[in-house]
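Enquirer: how would this look folded up:
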Amino acid sequence: MITLGLNAAFHDSSAALVVDGVVVAAAEEERFTRIKHGKRPVPFSAWELPFNAIDFCLQQAGVTLADVDHVAYSYDPKTFLGERHAPTITLPLEPSAADHGDWESPWDPLFAAYIVNAPRQLADGWPHHLRKRLSGVKATSAPYRWHFVNHHTCHQASAFLAAPYPRCAVMTLDGRGEHATTTYGRHRDSRYEPMGEVLMPHSLGMLYEQMTTHLGFLHSSDEYKVMALAALGTPRFARRLRDAIHIGADGQYTIDPIDLTAIAGPAREPGSQMAEAHLDLAASLQDVLESVVIELCAWLREASGERYLAMAGGVALNCVMNARLRDSGIFDGIWVQPAAGDAGTGLGAALWVDARERRGLAPTDAKEQAVNTFAPRRWQMDHPYLGPAYGDDEIEQLLKWAKLPYRRCEDLAAETAELLAANRIVGWFQGRMEFGPRSLGARSILASPIDPAMQARLNELKDREDFRPVAPAVPEEELGNWFRPAEANGGQSPFMLFIYDLAPGAAERIPSACHTDRTARVQTVNRDTNPRFHALLKAFGKKTGVPVLVNTSFNVRGEPIVCSPKAAIEAFFSTPLDALSIGSFLVEKPSLQPST
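Expert: Predicted coordinates for the structure are as follows:
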């Protein structure tokens with residue numbers, strides 16, 4: 001059984017493909033179009049399905065759209081249009097299917113029409129250059145069954161159906177879905193039980209978006225900058241922000257309207273000088289977010305009776321919050337889905353429909369809706385490497401075509417480690433691309449953490465704010481020698497979604513790997529899931545005594561992380577990178593002298 005999952009509602013359009021319960025591919029559309037977050041200059045960002053990501057997923061499985069049994073879309077128009085106005089999901093859809101009549105909807109009518117006509121888009125609207133791969137489908141006789149799935153259900157499924165826990169509590173936090181902003185549940189014994197939801201306009205994610213805009217950044221894009229900025233300030237506004245948030249029973253909360261100007265002064269103009277009040281406002285928001293989420297999780301732990309927690313939703317990408325929750329001891333273990341934002345809902349939609357359909361119950365069965373019983377799981381997310389890969393023949397052909405000097409390496413790890421030990425900055429392009437917003441050793445920029453000036457060099461290279469930290473990667477088995485608490489979550493942090501304190505004496509040895517508060521957003525690298533990156537870390541450690549590398553995303557400012565060899569080469573030559581390790585090859589800029 002083949003299930004295609006799609007996200008194309010707000011931003012971060014994506015596709016994922018599940019075959020008989022196993023995820024074989026997942027990718028964000030931005031990596032192919034080179035438009036970050038898919039945000040075009042229109043009121044809503046996602047005005048087409050992720051055709052390029054769909055094409056990749058189908059190619060990876062060696063199938064066409066005609067072979068697909070189910071298509072799961074991570075948004076449900078019945079929820080926000082209301083049952084009276086919801087279309088019957090058959091093909092073709094009538095153009096008037098999204099007509100609201102006199103019903104007042106908070107959603108733009110064009111947005112609503114886009115959502116309900118997504119089945120027609122897939123059947124009729126593919127780009128010309130993809131028709132061969134998407135062949136065999138007509139609007140009047142699509143071979144697959146289409147499923148609209150609630151947005152937060154997809155967030156939840158992307159967590160508990162991917163987590164390494166057979167049973168767990170589930171919490172998702174984001175800006176908004178159809179109406180929900182926060183949801184709770186419990187997964188055990190192949191059943192999922194919803195435990196409550198918080199509805200708009202009360203949203204911790206939207207509060208963070210409001211703050212992001214006030215601080216002069218782009219909402220639904222730059223929230224991670226606010227998190228980094230928080231370490232530089234003092235939470236002197238925390239009490240006033242916290243007083244606006246009221247936590248009730250059963251995980252419910254409300255948020256009063258907040259006038260940030262009255263609290264901390266005028267909004268910052270984008271690109272202008274950062275004032276002390278801006279730093280303190282970011283610190284206050286982060287402090288409040290952490291304390292509120294800890295209180296909600298304390299309720300969830302008691303209500304669910306579960307010892308482990310699986311999380312998703314854009315707010316779950318806040319690694320400082322995740323670490324504080326981890327260290328609170330409320331749960332014995334916490335797992336965060338690496339594509340926790342909206343891109344991950346394509347994965348969740350596919351997993352949800354696959355698990356239900358393999359169980360053999362009709363999706364409209366009232367009993368199934370109440371019980372949410374699933375087929376046994378056949379997959380868990382041990383790594384994020386679900387995107388495209390490129391072989392040496394394809395890479396070498398491009399290098400020759402571009403007339404670039406290169407050499408094939410007998411021992412790629414050792415030769416790249418030599419460059420890094422010489423303080424060179426290296427683009428690292430290896431294996432299948434990561435799914436999610438973090439570069440995790442497949443599409444990364446790497447550097448030595450030993451030089452105190454390296455963080456500034458990397459920020460200059462990427463033309464980004466000087467307060468932005470970079471993240472260390474370390475072999476999983478070396479975690480305890482460099483970071484604390486090493487025992488948390490089984491000694492694993494594969495997705496760079498938790499911060500750690502540096503072990504005694506480590507800060508002086510890897511000064512460019514930590515933030516100003518002497519914490520670090522750590523990625524642990526497993527020998528089995530990424531053997532080439534693991535070998536590089538070990539080779540660098542053998543040469544320098546420090547098996548740690550600074551890891552940041554392989555992209556230039558304003559662009560998505562690179563996907564293809566062509567994009568990697570373009571980024572290499574449009575930045576002051578010293579070398580590119582791509583496949584089995586090394587490319588160096590001969591005009592550059594070794595850095596000192």
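
Enquirer: what sits up against stretch 530-548?
Expert: 383, 385, 412-414, 416-418, 420-421, 428, 430-431, 440-442, 444, 446, 448-450, 472-475, 478, 482, 509-510, 513, 525-527, 549 (Cβ atoms under 8 Å, 6 or more residues apart in numbering). Every C-beta, even on glycine, is put in place using the N, C-alpha and C of the backbone.

Enquirer: same question for it, mean pLDDT?
Expert: What stretch 530-548 shows for mean pLDDT is 98.

Enquirer: just to revisit the earlier point, narrow the contacts of stretch 530-548 to those in strands?
Expert: 428, 444, 446, 472, 473, 474, 475, 525, 549 (DSSP state E).

Enquirer: need these in a markdown table (columns: neighbour count and distance to residue 186).
Expert: What follows is the ones in strands among the contacts of stretch 530-548, written out as a markdown table (neighbours: other Cβ atoms under 10 Å; distance: Cβ to Cβ, whole Å):
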| residue | neighbour count | distance to residue 186 |
| --- | --- | --- |
| 428 | 25 | 40 |
| 444 | 28 | 36 |
| 446 | 28 | 40 |
| 472 | 27 | 35 |
| 473 | 27 | 34 |
| 474 | 28 | 34 |
| 475 | 21 | 35 |
| 525 | 28 | 32 |
| 549 | 31 | 39 |
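
Enquirer: now, which of the residues you listed sits nearest residue 314?
Expert: Proximity of those to residue 314, judged by Cβ to Cβ, is greatest for residue 444, which lies at 22.4 Å.

Enquirer: show the contacting residues for the nearest residue to that closest one once chain neighbours are set aside.
Expert: Residue nearest to residue 444 in three dimensions, not counting chain neighbours: residue 428, with 4.5 Å by Cβ to Cβ, 6 or more residues apart in numbering. Applying Cβ under 8 Å, 6+ apart, one finds that residue 428 lies in contact with 416, 441, 442, 443, 444, 445, 446, 533, 536, 554, 581.

Enquirer: verify the contact between the third one and residue 433 for me.
Expert: Yes - using Cβ atoms under 8 Å, residue 442 makes contact with residue 433 at a distance of 5.5 Å.

Enquirer: export stretch 424-431 to CSV, keeping only CA atoms.
Expert: These are the backbone C-alpha positions of stretch 424-431, laid out as CSV (Å, rounded to 0.1, in the frame of the first residue of the first chain):
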residue,chain,number,x,y,z
ARG,A,424,39.5,25.9,6.6
ILE,A,425,35.7,26.2,6.4
VAL,A,426,34.3,23.3,4.4
GLY,A,427,31.0,22.7,2.6
TRP,A,428,29.9,19.1,3.3
PHE,A,429,27.5,17.5,0.8
GLN,A,430,27.0,13.8,1.5
GLY,A,431,24.3,11.2,1.1
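
Enquirer: how much distance is there from it to the middle of the chain?
Expert: In terms of Cα atoms, centre = their mean, to the nearest Å, the centre of stretch 424-431 is found 21 Å from the chain centre.

Enquirer: tell me the mean pLDDT over that stretch?
Expert: Per-residue scores along stretch 424-431 average to 98.

Enquirer: how near is residue 81 to residue 52?
Expert: Remark: distance between residue 81 and residue 52 (Cβ to Cβ, to the nearest Å) = 29 Å.

Enquirer: actually residue 515, sorry about that
Expert: 35 Å.

Enquirer: pretty sure residue 183 sits in a strand.
Expert: Yes - according to DSSP: H, G, I helix; E, B strand; the rest coil, residue 183 belongs to a strand.

Enquirer: neighbours around residue 195, how many?
Expert: By other Cβ atoms under 10 Å, the residues close to residue 195 number 18.

Enquirer: do the same with residue 528
Expert: 9.

Enquirer: and if you look at the one 5 residues further on?
Expert: Other residues within reach of residue 533 by the criterion other Cβ under 10 Å amount to 26.

Enquirer: go on, residue 388?
Expert: So residue 388, with other Cβ under 10 Å, has 18 neighbours.

Enquirer: how about residue 461?
Expert: Residue 461: 18 neighbours (other Cβ under 10 Å).

Enquirer: that one touches residue 572, doesn't it?
Expert: No - if you go by Cβ under 8 Å, residue 461 and residue 572 don't touch, sitting 11.2 Å apart.

Enquirer: residue contacts, residue 481?
Expert: 503, 506.

Enquirer: ok, now the one 3 residues further on?
Expert: With contact set as Cβ under 8 Å, 6+ apart, residue 484 has these partners: 500, 501, 502, 503.
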